[in-house]
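Here's a sequence, model it:
(4 chains)
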Protein chains: 2
Amino acid sequence: MTFGNYIRQTRSNLCEKDKKYSLRQTAQRIGVEPAYLSKIERDEVAPPSEATICKLAQDLSIDADVLLAMAGKVSKELQDIIKQRPQLFAELIRQLKNAPDKAVLRVVREIRDGDW
Amino acid sequence: MTFGNYIRQTRSNLCEKDKKYSLRQTAQRIGVEPAYLSKIERDEVAPPSEATICKLAQDLSIDADVLLAMAGKVSKELQDIIKQRPQLFAELIRQLKNAPDKAVLRVVREIRDGDW
DNA sequence: TGTCATGTGTACTACATAGTACACATAATA
DNA sequence: TATTATGTGTACTATGTAGTACACATGACA
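Here you go, the predicted model:
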């Protein structure tokens, strides 16, 4: 599933229940030209900027991290956290590269619930 | 310490022992014009591309992740790993944002040594 | 003392990013 | 049926990125 396809599908599903999710009205809310959103949804152009993706995610109730990933991006926010301690996070992420989801999830929980 | 300052300092230290670390020769090895490297070292321009930073890191024996961080970047490689599982990694990184180094290190070791 | 290497100033450039502006055909609706 | 809203085609643009090309002054050194 491409970025554009996913947006179009999500938006037009919402549009069936509520006309405010028409392409034009959605474009207006997120602050871009309708023609541009149209091109985005048909993958005629590359995905938009991080800021625009986040507005889109919020408007369509999509997880911003996931939508950014579909666009081939990682949020500046996460990048900033990594840059604070590049060696540590780089090693951690590489270690977890091939770990199963279960393992990563276990680490997340440990940290959340643990006595750090 | 800025990116440029750090490069200049590292390079000129090396240059004292070995003239092959002159600005011109270094520039040639990493594949850029001397004038450009000069501007980089004096922070007259923004840090170069990821590819050029990595060549610099290798040539000057600097940790690439650290050098990239000084340039305000996170490697595409790490970003790609995150994009594979955006929700999981986003949560993990945010959880660890305010954790002390010791805690992150403990997690790294646990994963490295553990039975994942 | 002539040559060679060094670092730097100035001017220019190719390509990518992230869009806008406007016209147009079609579909819905009052 | 006149109006309004909708999605899209075409053309254009501003800004940023990542450099190159060449000339020039200075210092080393053989």
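
Let me see the domain layout of chain A.
A:3-74, A:85-113 (automatic domain parsing).

Compute the distance between residue A:66 and residue B:62, please.
Distance, residue A:66 to residue B:62, using CB to CB, to the nearest Å: 34 Å. Every residue, glycine included, has its C-beta placed from N, CA and C.

more crowded one of the two?
Neighbours per residue (other CB atoms under 10 Å in any protein chain shown) separate residue A:66 from residue B:62, with residue B:62 holding more: 19 against 16.

Give me the three-state assignment for that one.
The three-state label given to residue B:62 by DSSP: H, G, I helix; E, B strand; the rest coil is coil.

tell me what the longest helix along chain A is packed against?
Across chain A, the longest stretch assigned as helix under DSSP state H is helix A:3-17. If you count contacts as 3 or more CB pairs under 8 Å, 6 or more residues apart in numbering or on different chains; DSSP states H and E, helix A:3-17 packs onto helix A:34-41, helix A:50-60, helix A:64-70.

buried residues in it?
For helix A:3-17, a neighbour-count test (16 or more other CB atoms under 10 Å in any protein chain shown) marks A:3-4, A:6-8, A:10-11, A:14-15 as buried.

That one and DNA strand D in contact?
Yes - interface with DNA strand D: helix A:3-17 contributes residue A:15 (CB under 7 Å from any atom of the strand).

Name the residues that touch that helix?
Residues outside helix A:3-17 that contact it (CB atoms under 8 Å, 6 or more residues apart in numbering or on different chains): A:21-23, A:26, A:40-44, A:47, A:56, A:60, A:62, A:67, A:70-71.

and after it, which helix or strand comes next?
Sequence-wise, the next helix or strand downstream of helix A:3-17 (DSSP states H and E) is helix A:23-30.

And that following helix, how far out from the chain middle?
Distance, stretch centre to chain centre, for helix A:23-30: 18 Å (CA atoms, centre = their mean, to the nearest Å).

likewise stretch A:19-27?
The answer for stretch A:19-27 is 20 Å, by CA atoms, centre = their mean.

circling back to that earlier point, just the buried ones from the contacts of helix A:3-17?
A:21, A:23, A:26, A:40-41, A:47, A:56, A:60, A:62, A:67, A:70-71.

Turn those residues into TSV, columns for pLDDT and distance to residue A:80.
Below are these laid out as TSV (pLDDT from 0 to 100; distance: CB to CB, whole Å):
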residue	pLDDT	distance to residue A:80
A:21	98	32
A:23	98	33
A:26	98	29
A:40	98	26
A:41	98	30
A:47	98	21
A:56	98	22
A:60	98	25
A:62	98	22
A:67	98	19
A:70	98	21
A:71	98	18
